[in-house]
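Trainee: whatever this is, show me its structure:
(chains A and B)
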Protein chains: 2
Amino acid sequence: MIRDTLVAEEDFLYSRIAERLELQIENKTLKAGDKLMSLRALSREQGISLSTAYKAYVELENKGIVEARPKSGYFVRFPKSRYPKSPDTPTAAPVIQKTNVDDMIRTVYKTLTKEGMLRFSVSAPSIELIPEAKLNKAMMEALRKSSSSCTQYEEIQGNSELRKQIARQTFNWNGNITEDQIVTTQGCMEALVFCLKAVTQPGDTVAIESPVYFGIFNLLKMLGLKVLEIPCHPDNGADIEYLEKALETEPVKACLFVPNFSNPVGALMPEHRKKYLVEMLASRQIPLIEDDIYGEMYFGKTRPKTCKSFDKNGLVMLCSSVSKSLAPGYRVGWCIPGKFMDNVLSNKLTQTVSAATPTQAAIALFFETGRYDLHMRKLRKALHTQCLRYMQAISEYFPADIKVARPQGGYVLWIELNAGINAFDLFESAIKEDISIAPGQIFSTDARFTNYIRISFGKPFDNAIDAGLRRLGELISLQQYCK
Amino acid sequence: MIRDTLVAEEDFLYSRIAERLELQIENKTLKAGDKLMSLRALSREQGISLSTAYKAYVELENKGIVEARPKSGYFVRFPKSRYPKSPDTPTAAPVIQKTNVDDMIRTVYKTLTKEGMLRFSVSAPSIELIPEAKLNKAMMEALRKSSSSCTQYEEIQGNSELRKQIARQTFNWNGNITEDQIVTTQGCMEALVFCLKAVTQPGDTVAIESPVYFGIFNLLKMLGLKVLEIPCHPDNGADIEYLEKALETEPVKACLFVPNFSNPVGALMPEHRKKYLVEMLASRQIPLIEDDIYGEMYFGKTRPKTCKSFDKNGLVMLCSSVSKSLAPGYRVGWCIPGKFMDNVLSNKLTQTVSAATPTQAAIALFFETGRYDLHMRKLRKALHTQCLRYMQAISEYFPADIKVARPQGGYVLWIELNAGINAFDLFESAIKEDISIAPGQIFSTDARFTNYIRISFGKPFDNAIDAGLRRLGELISLQQYCK
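Mentor: Next up is the predicted model:
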């Protein structure tokens, strides 16, 4: 325990120093090309060990902000001022596509298993980031601990230890949630299904963000629901003013938003807007289904609040899972359905009876032993670093007129290309070279984001990624200048 | 391998001898109270070892057909002629219940976790019959074998090794199914949901058996479907003639039957009737969803065919799982949806994305290594023995005017009590003494089986079971004679 505390202190120290330097670089106190003070000088000035000084510089190096030149020292490489601007929200009418959206989605996601494919189209952690050995260990322990080796049905609400742990985690966003308010599910999509079924009937209208993860509009289609698209801005998320106005005329039965690091835009809805949204909808008795699957993937210091944090009426139904943070194959998710608990439980019982027992128990243990928190700290750091490296490469290799969102968490970069670019055509030329991207058209029902693409930074940056992004940049230029 | 063959031969020998004796007892060549020949005499006469002779008698003893009297020998105890008759199908109009069916179901199944509860109401194998250690081993191996420790999504159709194994198993019922024709699901109920969604819309009518497992009519209700109840007879299953006539006037969109050891009646639909049903429905282009979850739990020599065995048009959609044979908590199921594959896949992808990877992989291994087949041989034997013991105890302890179905497989005994008995009242008096039964009312939407109960024989027979059944008999008599 003492050792852990010392390590944490040290972590804290070098991180703080790296941060301070980062700020100086950001506000141009240190400019691109400037040489940083030597390690020895930094160590003396800050009163820290050489080792801590080195760690601070390595941190910045990993983030691509500085670079080490042999026998020279550390130099500022990529200040944030070099990043492109944030994308705009398109207002133009959608371009008629020669292929429909469903076909596009199928095409994009069918070729992913090919060896050597650069999977920029998959918004998930790559395998290197998953603590497989520790998960296996948790599974063994779970089987051993269970009096029936996890062969029997779990109770209807789900593994109670898992729910206890999830309840504990909610303190990070000021939720005062108890285990009784939680239902486990087989992944986040299933949680969304149960929530939607609890508050809507076929034919009802549900407000969603646009652009949006295609899984969500497919879900709504499957449930026979109509969709009202609310513009989602990279800088602060769903356009609540637009929604408020629309509510005056549209019979919206429920809203389904992703306020923390939405997909594909990566927006983080500011806290005050979350509060406003929750209160505005509550005054109209409209349930809000909150997909918080990316909530733990934050780059900043503190876990962003959820809309659920501001829920006073039980009208906010939060859904999440470990699929983006840990093990999608385990199918462990949950929802906190507020006043709709009975209905959600009934749907779960009727349709699936119970979620898989071994995987729930294993994840519960993983939380309980602190392995999850440890893993998440590493994951967040890795994602933040990867985000910056990908952004830098994109800034270097893509045409100068692109706009790139600046996510504060999550997995994806939403990129606006030149208005003349067709993203699906770009996809088709890239896939021939084993580079898979997600073209903007697949993120709305009418394929309107024709010149946008979504790039995932879930995989640690390496030469192959670098080469891939460079080639992508070339393909974009080819399309842009050689029409 | 050689050892396994020898063991199998011996198994075969003592089983055959026990069978022959059983037949003699059944056709009254040997009558209740008759003394069987001594072990030595049997061994000499049959040319078998004393050990084999002993095994044969022990087999009959376990089945409760003979009993060993110390220093005396083996005596015929309970010939089948003593079993009560099979129940009738009720024709009377339903009695108005003071509680509705949903509330009854909730009441029956809420108190099951109490220590010492005799759970006659649960149609599943009890824990003693589950090979936990071997399953754990399979799970470990599966995690080890997987290049990503089973943390990633399975392919959409499901674990390919599992599908291969399931395809192999279909040979047992003459299915020529390949792995491509199979989709894995999270349990059988989910398979039913995907199939129903593929062939019906809210408002459509689905024909089901009556009585039927309440999970099925809850499912139909959840999907907004109307129900046409087809009487199900203990002796040969769903009344196909009744169905055929009904089809002339009712707009039935699909049928959902359990032709192998239906729940709660336990009926086995004869082969020629399965063929007829399939052809009759095919001529009308009506899909048949077949729930085969109990199909492997047969007491006879060969695995009964399925309706799918006779499917020529891809209109039969078979659903099953390992929940009744192995590990309900693993949530491993599948369906063979015939020509509706695309639709079923689409529903699966949209709603759950994928079934849990570790549990699919573990069960696949369990099949692959032959452990499943070995386990099933033991399970069938145990269930057959338990069925007979429970029937005998029921015949002894319950009033003489009861009727009991004679299942040829499965887990449950469907019992018709005196017309004056109210099964739910019986449930309420029994539960006070920690005896949980399933009252007949919960097996139809209008609570019509008021004087029927379903008793599960999933737990090996012991003194507690014996005492419980005796007490149940007393409670029935109390209700019957003390009104």
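
Trainee: does chain B sit close to whichever strand in chain A runs longest?
Mentor: Determined from DSSP state E, the single longest strand within chain A is strand A:226-233. No - Strand A:226-233 is not in contact with chain B by C-beta under 8 Å from any C-beta of the partner chain; minimum separation 14.4 Å. Bear in mind the C-beta positions are built from the backbone N, C-alpha and C, glycine included.

Trainee: is it true that residue A:175 touches residue A:307?
Mentor: No - between residue A:175 and residue A:307 no contact is recorded; they are 10.7 Å apart, counting by C-beta atoms under 8 Å.

Trainee: so which of those two has more stuff around it?
Mentor: Regarding residue A:175 and residue A:307, a neighbour count based on other C-beta atoms under 10 Å in any protein chain shown identifies residue A:307 as having more, with 27 against 19.

Trainee: what's the span of stretch A:430-439, first residue to last?
Mentor: Stretch A:430-439 has an end-to-end distance of 11 Å (criterion: C-alpha to C-alpha, to the nearest Å).

Trainee: which residues are contacting it?
Mentor: Defining contact as C-beta atoms under 8 Å, 6 or more residues apart in numbering or on different chains, one finds that stretch A:430-439 is touched by A:104, A:108, A:111-112, A:114, A:116-123, A:264, A:423-424, A:426-427, A:452-456, A:468, A:471-472, A:475.

Trainee: can you list the residues of the stretch 151-300 of chain A near chain B?
Mentor: The interface of the stretch 151-300 of chain A toward chain B, taken as C-beta under 8 Å from any C-beta, is made up of A:151-155, A:186-187, A:189-190, A:193, A:202, A:215, A:218-219, A:222, A:224.

Trainee: among these, who's most crowded?
Mentor: Counting neighbours by other C-beta under 10 Å, residue A:186 leads those with 31 neighbours.

Trainee: residue contacts, the closest residue to it other than its chain neighbours?
Mentor: Closest residue in space to residue A:186, ignoring its immediate chain neighbours: residue A:331 at 4.3 Å, by C-beta to C-beta, 6 or more residues apart in numbering or on different chains. Shown in contact with residue A:331 (C-beta under 8 Å, 6+ apart): A:186-187, A:321, A:323, A:355-356, A:359, B:186, B:352-357.

Trainee: not counting residues beside it along the chain, what's closest to the residue of the stretch 351-483 of chain A found nearest chain B?
Mentor: Ranking the residues of the stretch 351-483 of chain A by distance to chain B (C-beta to the nearest C-beta) places residue A:357 first, at 3.3 Å. Counting by C-beta to C-beta, 6+ apart, the nearest residue to residue A:357 once its immediate chain neighbours are dropped is residue B:329, at 3.3 Å.

Trainee: got a list of what that neighbour touches?
Mentor: Taking C-beta under 8 Å, 6+ apart, we find residue B:329 in contact with A:148, A:150-154, A:354, A:356-358.

Trainee: which residue, other than its chain neighbours, is closest to the residue most central in space within chain A?
Mentor: Centroid-nearest residue in chain A, with C-alpha atoms, centre = their mean: residue A:410, separated by 2.7 Å. Excluding the flanking residues, the one nearest residue A:410 by C-beta to C-beta, 6+ apart is residue A:261, at 3.2 Å.

Trainee: tell me the contacts of that neighbour?
Mentor: A:267-268, A:294-295, A:297-298, A:407-411.

Trainee: hang on, the earlier thing: tell me which entries of the contacts of residue A:331 lie within strands.
Mentor: Helix and strand membership here follows DSSP E; of these, those in strands are residue A:321.

Trainee: what residues does the stretch 301-450 of chain A have near chain B?
Mentor: Contact residues, the stretch 301-450 of chain A versus chain B (C-beta under 8 Å from any C-beta): A:326-331, A:346-347, A:350-359, A:362.

Trainee: which among these count as buried?
Mentor: A:326-331, A:346-347, A:350-359, A:362 (16 or more other C-beta atoms under 10 Å in any protein chain shown).

Trainee: for the stretch 101-250 of chain A, what spans make up the helices?
Mentor: Counting by DSSP state H, counting those that start in this stretch, one finds helices in the stretch 101-250 of chain A at the ranges A:101-110, A:132-145, A:160-169, A:188-199, A:214-222, A:240-246.
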